[in-house]
Each structure stands twice: as C-alpha cells, then as structure tokens.
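1. Turn this into a model:
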Amino acid sequence: HHIDHTGFLKALMLVISLCVVRKSEATNKILIVGDSIGENMGNTLESICIGSEVQNAAIGGTTAVDWTEYTSDVLEGCAGGEWDVVYIAVGGNDLLQSGCALTADELSKKILSAVTNIITNIAPKA
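-> Here you go, the predicted structure:
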C-alpha cells in the first residue's frame with residue numbers, strides 16, 4: 001500500500017510558514033510531540049522560528065497508540081501550556097513495528113486517535 005505523505009508535508013509547510021510570517025513578532029510558543037521525527041525537529045524549528053519558544057516533548061520510539069494515552073501532566077514542560085502551534089509527528093513507528101503490514105486505513109485510525117488525544121489532553125488551548 002502506498003501512503004500519501006501530502007498531508008504531512010502540507011502540515012510541515014504550514015508550521016514553517018507560520019514561523020516565517022510571524023518571524024518579526026517572534027512570539028510563537030511551539031509544542032512538539034510525537035516520535036523521533038518530532039524529537040529531531042526541535043533544533044530545526046528553533047533555527048527557522050527565530051525568537052519562538054520551542055518546547056520539545058517528543059519521545060523517540062513512541063507510537064501513535066502511545067500518544068492516545070499521554071496527558072500534559074506526564075510530559076515534561078507541557079502542563080498548563082498555552083501553545084500557538086503544535087507540531088505532531090506520529091505513525092512512523094506504528095508502521096515500522098507492523099513490518100509495514102498496516103493498511104492506510106488502520107494507520108490513519110491510529111494517527112487520528114493520537115491527534116484527538118493530543119488536541120484534547122495535551123494542548124487543548126492551541
């Protein structure tokens with residue numbers, strides 16, 4: 001099965017665009033959550049979004065399923081945060097751990113559940 005990465009790329013470009021457009025204001029508070037892709041985005045976003053506060057709460061090796069259970073209380077630096085932008089990177093490890101056997105529908109359901117939890121329980125004010 002071919003997985004279309006267009007949505008991911010659009011989301012990344014949106015984050016980068018928001019930073020560039022608001023670069024002069026330099027007041028964005030950015031939260032990064034997810035797997036190692038998010039973990040590694042911290043330095044990139046800090047260099048692109050100059051002056052923004054970047055809180056990297058991503059945890060390498062985690063799955064979308066893991067992110068369906070996390071709350072802001074268990075993530076370092078997230079409790080009570082009010083974020084302007086949330087960068088979410090989930091799903092890669094779910095696919096890899098399945099031996100690339102997950103269907104696009106199965107993977108999208110896992111990702112949707114994770115994103116729903118992140119929006120509801122980790123960054124509800126974003």
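2. got the contact list for the residue positioned nearest the centre of the chain?
-> What sits nearest the mean C-alpha location of the chain, by Cα atoms, centre = their mean, is residue 88, with 1.2 Å. Listed by Cβ atoms under 8 Å, 6 or more residues apart in numbering, the contact set of residue 88 reads 11, 33-34, 38, 114-115, 118. Just so you know, the C-beta spots here come from the backbone N, C-alpha and C atoms, and that holds for glycine as well.
3. List the pairing partners of the helix or strand containing it within its sheet, with orientation.
-> Assigned by DSSP states H and E, residue 88 falls within strand 85-89. Partners of strand 85-89 in the sheet, by DSSP bridges, are strand 29-34 (parallel).
4. How about residues contacting the strand it pairs with?
-> Under Cβ under 8 Å, 6+ apart, the answer for strand 29-34 is 15, 19, 38-39, 41-42, 45, 49, 52-59, 62, 67, 70, 75, 78, 81-90, 118, 122-123, 126.
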